[in-house]
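Q: Need a 3D model of the sequence below.
(one chain, ligands or ions: 3)
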Amino acid sequence: MPKQLEAPPALEFNRIAGNGNAATGAAQLPAAALELAAAMPMPTVTPDPSLLDRKIIHCDCDCFYAAVEMRDDPSLQGKPLAVGGRADRRGVVATCNYEARRYGVHSAMSTAQAQKRCPQLIVLPPAMEKYRIASRQILSIYRDYTELVEPLSLDEAYLDVSATPQCNGSATLIAQEIRRRIADTVGITASAGIAPNKFVAKIASDWNKPDGQMVVRPHEVDAFVAALPVGKLHGVGRVTAARLNKLGAQTCADLRGWSLLHLQQHFGKFGERLHGLCRGIDLREVCPSRERKSVSVEETYVTDLPDLQACRQALPELLVRLAERIARAKAQDSIGKLFIKIRFDDFQRTTVECSGSVLDQETFSQLLETGYGRRRRPVRLLGAGVGVAEAREQQQSGLFDPQN
Ligand code: TTP
Ligand code: MG
Ligand code: MG
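A: Ligands and ions are numbered 1, 2, ... in the order given. The predicted model follows:
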């Protein structure tokens, strides 16, 4: 259960005052003092100290799809390998192994381009079912250590092991043990980052890839984050990073020189988040209720769809396939949102979504129009999908606040 639910807000004052356990502290304070504390205006929200001192592991498998393929066919090991669509059907690379990366091949690159960079590249079509099975095995290993597992995709998850008794509570040892078990039972390698919060853990898991791990202890967070380029911050994409660079901030240390007000003036509400993140503060909880599934279909067209009219004509076929897939997943009753994904001929992607519970062609058509309107260029790929609440999440709803 998320920690903030353990104590009503009025007790937070007492916890911050250094009394440790909120319940014990409450018993020691007279009721009038508690009332006063609750009524006192708080100029800024002081974070719950327990959120500043957690043990979070971010675990991410190494070249996931390619690793599963190499496991199943050891003759592929040591050779450059990509998993993705065919070059003659304008496919793209989903991932590639580390041998192929040496040639400059990477995810989302067109397969044709990848083969130009690495003529001996072996390209296999994705076998999603195998990857899903591996993913489920890995999740069940994580759940041996904590209930607080938040999967982000098939190959990565956050774990909050603050209260895990195994390995004497050492997150470093827990991560090592988890990685060893993944290697032994699933037959692929994973890397891990261990830190007091999510965003630092996620960056750290990339640090010693492949087959490595990196620990950032609470007293190391400050220096670790100071040196990071601003583009590494959670929520800062290419556009925001470029804007920050233009304004003179290359690293988080640079950004720390900016006042909260200044950041808010430039970035609105996100400015406040940036102010915390560049100081290594990220209070997001590991939230298993966040686990959501989506069911979707997509099509990369051999010839680009030239305009909105052509996209509209392609929609019914996609929706038929989507309906079949939803039926197979038995997800008809748990649809929570609808989305359209578009990749334009210049490789820019956009996704438009809205809430909804039925596959309504008119709604998808409106989403398509909105998405298409963002660039008004020929379209190379169209996707349609639905967000599905997991059964477990539905059972738990009510335990978590609405924003979760
Ligand atoms: P990632 O974890 O981003 O990449 P990876 O596991 O292949 O490699 P790394 O060692 O750097 O973590 O993605 C996990 C899987 O998701 C990846 O194996 C294939 C799929 N994927 C795509 O289909 N398209 C993409 O653009 C990316 C980035 C990943
Ligand atoms: Mg990975
Ligand atoms: Mg990943």
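Q: And the residue sitting nearest the centre point of the chain, how far from G356?
A: Of all residues in the chain, the one closest to the mean position by Cα atoms, centre = their mean is L152, 4.2 Å from it. Per Cβ to Cβ, to the nearest Å, L152 is found 24 Å from G356. Where C-beta positions appear, they are placed from N, C-alpha and C, glycine not excepted.
Q: same question, C252
A: 39 Å.
Q: which of these two has more neighbours?
A: Set side by side, C252 and G356 show more neighbours around C252, with 22 against 17, by other Cβ atoms under 10 Å.
Q: Give me the local confidence score for that one.
A: Per-residue pLDDT puts C252 at 97.
Q: was I right about it contacting L233?
A: Yes - between C252 and L233 there is a contact under Cβ atoms under 8 Å: 7.1 Å.
Q: Give me the common contacts of these two.
A: L277, C278 (Cβ atoms under 8 Å, 6 or more residues apart in numbering).
Q: Please identify the buried residues of whichever strand or helix holds A242?
A: In this assignment (DSSP states H and E), A242 forms part of helix 238-246. Buried positions in helix 238-246, judged by neighbour count with 16 or more other Cβ atoms under 10 Å: T240, A241, L244.
Q: cool, and stretch 96-109?
A: For stretch 96-109, by 16+ other Cβ under 10 Å, it's C96, N97, E99, A100, R101, Y103, V105, M109.
Q: which one of those residues is nearest P229?
A: R101 (20.4 Å; Cβ to Cβ).
Q: how close does the closest one get to ligand 2?
A: For R101, the distance to ligand 2 equals 12 Å [Cβ to the ion, to the nearest Å].
Q: Per-residue pLDDT of that residue, please?
A: 98.
Q: for K198, same thing?
A: Value for K198, per-residue pLDDT: 96.
Q: Show the contacting residues for the residue in the stretch 151-300 of the chain that ligand 3 sits nearest to.
A: Relative to ligand 3, the nearest point of the stretch 151-300 of the chain is E156 (3.9 Å; Cβ to the ion). Going by Cβ under 8 Å, 6+ apart, E156 touches H58, C59, D60, C61, S205.
Q: Whatever residue of the stretch 301-404 of the chain ends up closest to ligand 1: neighbouring residues, count only.
A: Among the residues of the stretch 301-404 of the chain, R349 lies closest to ligand 1, at 9.9 Å counting by Cβ to the nearest ligand atom. When neighbours are counted by other Cβ under 10 Å, R349 registers 14.
Q: pretty sure it contacts K341?
A: Yes - at 6.8 Å, R349 counts as touching K341 under the criterion of Cβ under 8 Å.
Q: After the helix or strand hosting I178, which helix or strand is next? Please name it.
A: Under the criterion of DSSP H and E, I178 resides in helix 171-185. Downstream of helix 171-185, the next assigned helix or strand under DSSP H and E is strand 190-195.
Q: Which strands border that following strand, and is each parallel or antiparallel?
A: With DSSP bridges as the test, strand 190-195 is paired with strand 56-61 (antiparallel), strand 213-215 (parallel).
Q: re earlier: taking the buried residues of stretch 96-109 one by one, which sit in helices?
A: Counting by DSSP state H, the buried residues of stretch 96-109 place E99, A100, R101 in helices.
Q: Could you find the closest non-adjacent residue to the second one?
A: Using Cβ to Cβ, 6 or more residues apart in numbering and skipping the chain neighbours, the partner closest in space to A100 is P80 (3.8 Å).
Q: residues from the stretch 51-200 of the chain in reach of ligand 2?
A: D60, C61, F64, D155 (Cβ under 5 Å from the ion).
Q: what's near enough to touch the residue in the stretch 301-404 of the chain that ligand 2 sits nearest to?
A: For the stretch 301-404 of the chain and ligand 2, the shortest gap (Cβ to the ion) falls at R349, measuring 19.4 Å. Counting by Cβ under 8 Å, 6+ apart, R349 touches K341, I342, R343.
Q: ok but the residue nearest to the centre of the chain is inside a strand, no?
A: Yes - under DSSP: H, G, I helix; E, B strand; the rest coil, L152 falls within a strand.
Q: quick one: it and Y158 touch, right?
A: Yes - using Cβ under 8 Å, L152 makes contact with Y158 at a distance of 7.0 Å.
Q: State the three-state secondary structure for V388.
A: Secondary structure, three-state DSSP: V388 is strand.
Q: just Q115 next, same as before
A: helix.
Q: so what's it up against?
A: A87, L121, V123.
Q: Could you verify my assumption that the last one touches A82?
A: Yes - taking Cβ under 8 Å as the contact criterion, V123 and A82 are neighbours in contact, 4.9 Å apart.
Q: These two: which has the busier surroundings?
A: Legend: neighbour count by other Cβ under 10 Å for V123 and A82, higher for A82 (30 against 20).
Q: Bridge partners for the more buried one, pull those for me.
A: C96, V123.
Q: Find me the pLDDT at it, would you?
A: 98.
Q: roughly how far apart are it and ligand 2?
A: Using Cβ to the ion, we find A82 at a distance of 14 Å from ligand 2.
Q: Same check on E69?
A: Distance of E69 to ligand 2, computed by Cβ to the ion: 14 Å.
Q: how many neighbours does the closest residue in space to that residue that isn't next to it in sequence have?
A: Counting by Cβ to Cβ, 6+ apart, L124 is the residue found nearest to E69 once chain neighbours are left out, at 5.5 Å. Neighbour count of L124, defined by other Cβ under 10 Å: 16.
Q: so what's L124 up against?
A: By Cβ under 8 Å, 6+ apart, the contact list for L124 reads E69, L81, A82, V83.
Q: Pull up the gap between it and ligand 2, please.
A: Distance, L124 to ligand 2, by Cβ to the ion: 17 Å.
Q: Domain ranges for this structure, per the record?
A: What the record gives for the chain is the domain set 3-40, 52-216, 222-277, 291-390, from automatic domain parsing.
Q: I'd like those domains laid out as TSV, including distance to R284.
A: Output for the domains of the chain, formatted as TSV (distance: least, Cβ to Cβ, whole Å):
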stretch	distance to R284
domain 3-40	12
domain 52-216	5
domain 222-277	8
domain 291-390	15
